[in-house]
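In: My questions are about this predicted structure, shown below with the sequence.
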Amino acid sequence: MTTKSGKAKGRRLQQKLRDLLLEYDPKGAYESRAMGQAGSDIVDPLDRLPWDYVECRNRELWPSLKAIVEEMEGKSGPNCLQLWTAMLARNRAKPVFVVSEDLMNVLLEAYLTGCIEQ
């Protein structure tokens, strides 16, 4: 696969997540960042996303969980909540999400206290 087609696959995955967010929150201002830019792949100028950092990867071979955790934990500063998620996809398969323990706790608390509906 060429670099150009690989970046196009990653860009489509970012846009898929952005479209999913807009489907649930049509008033949102979610943006997919350009390939190669530092920072989260999806940004919200209104700062309403439950995570600080999201990484979208479209590969046939996924990195190991250890590599994902090491990369994501380096995105947040020390002594703060690790609110990150990674969206992983491969050809002809539904994407999966890997979330940090801190983000899972925030989401579960919001769900169990009624802040998030089914």
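Out: Alright, I've got the coordinates. For clarity, every value in this text was computed on a predicted model and none was experimentally measured. Numbers count the residues shown, from 1 in each chain.
In: Can you give me the pLDDT of the residue nearest to Glu55 when sequence neighbours are not counted?
Out: Distances taken as Cβ to Cβ, 6 or more residues apart in numbering put Ala86 closest to Glu55, at 4.7 Å, once the chain neighbours are dropped. For the C-beta atoms, the positions are set from N, CA and C on the backbone; glycine is no exception. Per-residue pLDDT puts Ala86 at 86.
In: Tell me if I am right that Ala86 is in a strand.
Out: Yes - Ala86: assigned to a strand according to DSSP: H, G, I helix; E, B strand; the rest coil.
In: who's in contact with it?
Out: Applying Cβ atoms under 8 Å, 6 or more residues apart in numbering to Ala86 gives the contacts Val54, Glu55, Cys56, Arg57, Ile68, Met72, Phe97, Val98, Val99.
In: Pull out the buried members of those residues.
Out: Among these, the ones that count as buried by 16 or more other Cβ atoms under 10 Å are Val54, Glu55, Cys56, Arg57, Ile68, Met72, Val98, Val99.
In: tell me the phi and psi of Ile42?
Out: Ile42 adopts backbone torsions of phi -120, psi 130, taken as degrees, to the nearest 10.
In: For Asp102, see how far away the residue nearest to it when sequence neighbours are not counted is.
Out: With sequence-adjacent residues excluded and distances taken as Cβ to Cβ, 6+ apart, Ile42 is closest to Val54, at 5.1 Å. The gap separating Val54 from Asp102 is 14 Å, by Cβ to Cβ, to the nearest Å.
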